[in-house]
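Q: What would the 3D arrangement of this be:
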Amino acid sequence: MHLILVVTAAVSLISPAWAAAPINATAVCQEIAQKLSNASAVFYPGAYGLVYAADIFHHSASSSTQESVCSVEPGTAQDVARILQLVGSTRTPFAVKGGGHSWNPGFSSTPGIQIAMTRFNTVAYSKTSQYQRQAPNGVVTFGAGMVWNDIYAALDPLNITVVGGRVVGVGAAGFLLGGGYSFFSNQYGMAVDNILAFDIVQPNGTESVVTASSDPNLFWALKGGLNNFGIVTAFTMRAIPYTRVWGALVAHVNATEAYKDAFEVFNATSTDPKAAMLFGLNGIGGQSIQYAVMFYDGPEQPAGIYDAFLNIPSALVNSNGTFTMSGLLAAVNVGGLLSGGTGDQPRGQSGIVLIETYTPEIIDTVINEISINSGLLANSSSAGFGFSIEPFSPGYLTRTDPLRTSDSAFPPTWTRPYSASLCNLGFEWAGAANDAANLAALQGSVDRIQAAETKQSGMTLPTYSNLALADTPVEQLFGALNLARLTAIAKRVDPGKVMQLAGGFKV
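A: As a prediction, this is how the structure comes out:
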């Protein structure tokens with residue numbers, strides 16, 4: 001969940017192999033422009049600068065945007081194929097951007113050729129389909145350039161939705177290819193568990209629709225295996241019927257103990273899979289700020305579940321109501337509330353620790369990080385840092401679900417210990433000169449929280465790729481067995497290693 005601080009990774013401290021654009025990138029851009037259909041376009045800095053700027057922009061933090069030689073907006077799968085064939089044959093570094101919410105520079109940004117999927121922006125609902133057994137309420141197909149709030153807005157009038165993101169502006173493509181934690185996950189698993197088909201252009205230019213029956217291994221790999229197998233242009237997911245949902249946002253200053261107590265009540269008593277929440281502990285401008293986002297899959301506030309949070313006195317914000325899904329995302333958007341006040345878009349970095357069970361001891365460890373980092377970052381232009389506590393029901397990934405489409409590359413298994421909750425960390429600051437201090441502080445927090453979790457559970461849980469530090473070992477994301485399988489599939493579909501020219505976690 002990206003509600004802690006709107007942050008991302010620092011460019012100056014990350015030097016991946018794909019960081020430098022080749023000398024011939026401009027010539028490749030020009031060749032691409034000559035071979036594209038009228039449905040697509042190439043943009044450069046200067047002329048059409050606003051479109052180019054939008055194509056390369058990453059909204060989490062300034063440090064994740066990179067200046068590309070050109071941006072390309074393909075409008076058809078055939079043009080995606082032409083682009084892949086050209087960058088592959090010329091060995092030109094590139095990046096594929098869906099919503100632009102990636103936290104790490106070089107993952108969906110590049111100094112080479114930026115492929116912006118913004119023209120893949122349609123949503124279609126079908127009540128009947130070939131997937132009737134897995135999707136009795138129909139299917140939704142949408143383009144890889146869409147963000148979740150726009151997908152929800154298209155579906156709201158139909159009284160259906162999908163298992164998707166929780167924050168305004170998050171792109172569907174990166175979210176789904178990494179796994180996807182949702183307000184609906186307690187009921188339906190991760191978002192990737194609800195995918196029925198991927199429309200993909202493979203690295204050799206082949207266009208295909210990948211399903212559990214057409215190519216079981218590639219289908220498995222695409223479910224959490226990131227951008228290693230081609231460029232996905234559309235996703236088909238099972239539709240979920242709904243009327244409206246209930247949601248709430250509360251925020252306070254210096255109410256850490258009250259939030260801890262309220263969370264312990266929720267964590268100990270909530271057994272309703274329709275209920276989901278998260279709460280944030282933040283240090284901003286010398287103040288301690290807390291917030292909680294509450295969700296219920298139904299139009300009315302559930303009795304008792306959230307009372308401990310809603311009744312904390314002296315709230316900065318205390319709002320709740322019945323919403324459409326798109327309305328909910330707007331209502332619980334805490335980006336402005338948690339702005340560090342740096343003026344320009346800040347630099348930043350995220351981190352993640354998976355928690356098997358949130359106990360008072362783990363919460364105390366997280367709370368202690370506020371004090372530690374307030375001291376460490378007092379003189380390093382910190383705009384703020386935060387920790388988002390995101391619990392899920394025990395066993396939410398291991399329940400028997402006859403509609404679940406198949407297993408997936410992430411998480412490595414559906415059995416213990418992978419039915420985990422999230423502790424999402426985010427730091428933001430001003431100035432590249434302060435990268436080292438802030439990144440070291442973030443790494444220290446990740447290490448201490450991870451150590452507390454390992455001591456408590458007796459094991460090290462995997463790392464969730466969508467929020468992971470850029471230097472996280474790939475085996476830590478997928479486990480040794482899944483990584484070996486992913487590597488074999490990548491060799492089959494991408495023997496020329498075209499997707500190795502794009503950033504991200506490579507298999």
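
Q: Could you pull out the helices in the stretch 201-350 of the chain for me?
A: 216-222, 256-269, 307-310, 325-331 (DSSP state H, counting those that start in this stretch).

Q: would you list those helices in CSV and tack on distance to residue 443 and mean neighbour count?
A: No exception for glycine: its C-beta is placed from N, CA and C like everyone else's. Rendered in CSV, the data for the helices of the stretch 201-350 of the chain read as follows (distance: least, CB to CB, whole Å; neighbours: other CB atoms under 10 Å):
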stretch, distance to residue 443, mean neighbour count
helix 216-222, 30, 21
helix 256-269, 23, 16
helix 307-310, 31, 18
helix 325-331, 31, 20
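
Q: Pipe the ones you listed into JSON lines and attach distance to residue 450 and mean pLDDT per row.
A: Formatted as JSON lines, those follow (distance: least, CB to CB, whole Å; pLDDT from 0 to 100):
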{"stretch": "helix 216-222", "distance to residue 450": "27", "mean pLDDT": "97"}
{"stretch": "helix 256-269", "distance to residue 450": "20", "mean pLDDT": "93"}
{"stretch": "helix 307-310", "distance to residue 450": "27", "mean pLDDT": "96"}
{"stretch": "helix 325-331", "distance to residue 450": "30", "mean pLDDT": "96"}
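
Q: could you redo those helices as CSV and give each row distance to residue 493?
A: Converted to CSV, these look like this (distance: least, CB to CB, whole Å):
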stretch, distance to residue 493
helix 216-222, 6
helix 256-269, 42
helix 307-310, 47
helix 325-331, 34
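
Q: between these, which gets nearest to residue 54?
A: helix 325-331 (20.8 Å; CB to CB).

Q: Helix or strand next in line after the one helix or strand residue 154 maps to, which one?
A: Element membership for residue 154 (DSSP states H and E) is helix 148-155. Using DSSP H and E, the helix or strand that follows helix 148-155 towards the C-terminus is strand 160-161.

Q: Got the phi and psi for residue 425?
A: With angles defined as degrees, to the nearest 10, residue 425 sits at phi -110, psi 140.

Q: And residue 56, what's its pLDDT?
A: pLDDT, residue 56: 85.

Q: correct me, but it touches residue 72?
A: No: between residue 56 and residue 72 there is no contact under CB atoms under 8 Å: 11.1 Å.

Q: between the two, who's got more neighbours?
A: Shown here are residue 56 and residue 72; by other CB atoms under 10 Å, residue 72 has more neighbours (27 against 24).

Q: just checking, the more buried one is part of a strand?
A: Yes: with DSSP: H, G, I helix; E, B strand; the rest coil as the criterion, residue 72 is part of a strand.

Q: What residues are bridge-paired with it?
A: Beta-bridge partners of residue 72, counted by DSSP bridges, are residue 42, residue 115.

Q: As a check, name the ranges of all helices in the stretch 351-500 of the chain.
A: Under the criterion DSSP H, counting those that start in this stretch, the stretch 351-500 of the chain contains helices at 360-376, 435-457, 474-493.

Q: I'd like those laid out as a markdown table, including distance to residue 328 and mean neighbour count.
A: Listed next are the helices of the stretch 351-500 of the chain as a markdown table, based on distance: least, CB to CB, whole Å; neighbours: other CB under 10 Å:
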| stretch | distance to residue 328 | mean neighbour count |
| --- | --- | --- |
| helix 360-376 | 26 | 17 |
| helix 435-457 | 29 | 19 |
| helix 474-493 | 30 | 18 |
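
Q: Tell me which of these lies nearest to residue 200.
A: Closest approach to residue 200 among these (CB to CB): helix 474-493, 9.2 Å.

Q: As PDB, could you dump the C-alpha coordinates of stretch 288-306?
A: The C-alpha coordinates for stretch 288-306 follow below in PDB (Å, rounded to 0.1, in the frame of the first residue of the first chain):
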ATOM      1  CA  SER A 288       4.300  12.300  15.000                       C
ATOM      2  CA  ILE A 289       1.300  11.800  12.800                       C
ATOM      3  CA  GLN A 290      -0.900   8.700  12.600                       C
ATOM      4  CA  TYR A 291      -3.700   7.700  10.200                       C
ATOM      5  CA  ALA A 292      -5.900   4.700   9.600                       C
ATOM      6  CA  VAL A 293      -7.700   3.700   6.400                       C
ATOM      7  CA  MET A 294     -10.700   1.400   7.000                       C
ATOM      8  CA  PHE A 295     -12.600  -0.600   4.400                       C
ATOM      9  CA  TYR A 296     -15.700  -2.800   4.400                       C
ATOM     10  CA  ASP A 297     -17.100  -4.700   1.400                       C
ATOM     11  CA  GLY A 298     -20.700  -3.600   2.000                       C
ATOM     12  CA  PRO A 299     -22.600  -0.300   2.000                       C
ATOM     13  CA  GLU A 300     -22.900   0.100   5.800                       C
ATOM     14  CA  GLN A 301     -20.400   0.600   8.500                       C
ATOM     15  CA  PRO A 302     -19.800  -2.800  10.200                       C
ATOM     16  CA  ALA A 303     -20.800  -2.900  13.900                       C
ATOM     17  CA  GLY A 304     -17.900  -2.700  16.300                       C
ATOM     18  CA  ILE A 305     -15.000  -3.500  14.000                       C
ATOM     19  CA  TYR A 306     -13.600  -0.100  13.700                       C
END
